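> The following comprises the amino acid sequence and a computationally predicted model.
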Amino acid sequence: MREVTDASFEEDVLRADGPVVVDFWAPWCGPCRAIAPILEQFEQEQSTISFVKLNVDENLQTAGRYDVLSIPTVILFEDGEARETVIGARPRPHFERAFERWLAAPAG
C-alpha cells in the first residue's frame, strides 16, 4: 500500500476518483501490523477501491482532523467524505461488512 502524508492527503484521498481506504497506523503498533495483510489482500482483490496508509506519528494534522485517537483506525473515504470507520484490529469479515457497499463483486 502506498503512503500518503498531510501534504498529499487532499489530492490522494479527498479528491480521488472513487473510494479510498486509509489505514491510520504507526510502525510501533502491533495491531496495525496484524491488520496490514488483510488490507493488502483487499488491495490485490479490488479494483473499485484504492488503499493507502498514513503514519500518524509523522502526519499529526490529518490524524487529528479525523479524530484518530486509537490505532489502527481504518477510514473509507468517498467524494471527500469519511463514509465508514473501523477502529482496532478486526478480522477480515468485519472489514467486509464495513466496506460491502463498495466492494467489487468477485470475478467469475
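Okay, I see it. This structure is a prediction, so every number in the text was calculated from the model and none was measured.

> can you give me the end-to-end distance of stretch 45-60?
Length of stretch 45-60, first residue to last, CA to CA, to the nearest Å: 30 Å.

> now swap in stretch 75-90 and tell me
End-to-end distance of stretch 75-90: 13 Å, with CA to CA as the criterion.

> what's the answer for stretch 85-101, then?
Criterion CA to CA; first-to-last residue distance in stretch 85-101 is 13 Å.

> from the chain's centre, how far out does it sit?
Shown here is stretch 85-101, whose average C-alpha point lies 10 Å from the average C-alpha point of the whole chain (CA atoms, centre = their mean, to the nearest Å).

> Could you do stretch 75-92 as well?
Centre-to-centre, stretch 75-92 and its host chain are 6 Å apart (CA atoms, centre = their mean).

> ok, and what's touching that stretch?
For stretch 75-92, contacts defined as CB atoms under 8 Å, 6 or more residues apart in numbering pick out 13-16, 18-22, 24, 31-32, 34-35, 38, 41, 49, 66, 70, 72-74, 94-95, 98-99, 102. Any C-beta I mention is one placed from the backbone N, CA and C, and that applies to glycine too.

> So what does the residue nearest the centre of the chain have for phi and psi?
Nearest to the mean C-alpha position of the chain, by CA atoms, centre = their mean, lies residue 22 at 2.3 Å. Residue 22 has phi and psi values of phi -110, psi 120 when expressed as degrees, to the nearest 10.

> that older thread, could you tell me which of the contacts of stretch 75-92 belong to helices?
Taking DSSP state H, the ones among those that sit in helices are 31, 32, 34, 35, 38, 41, 94, 95, 98, 99.
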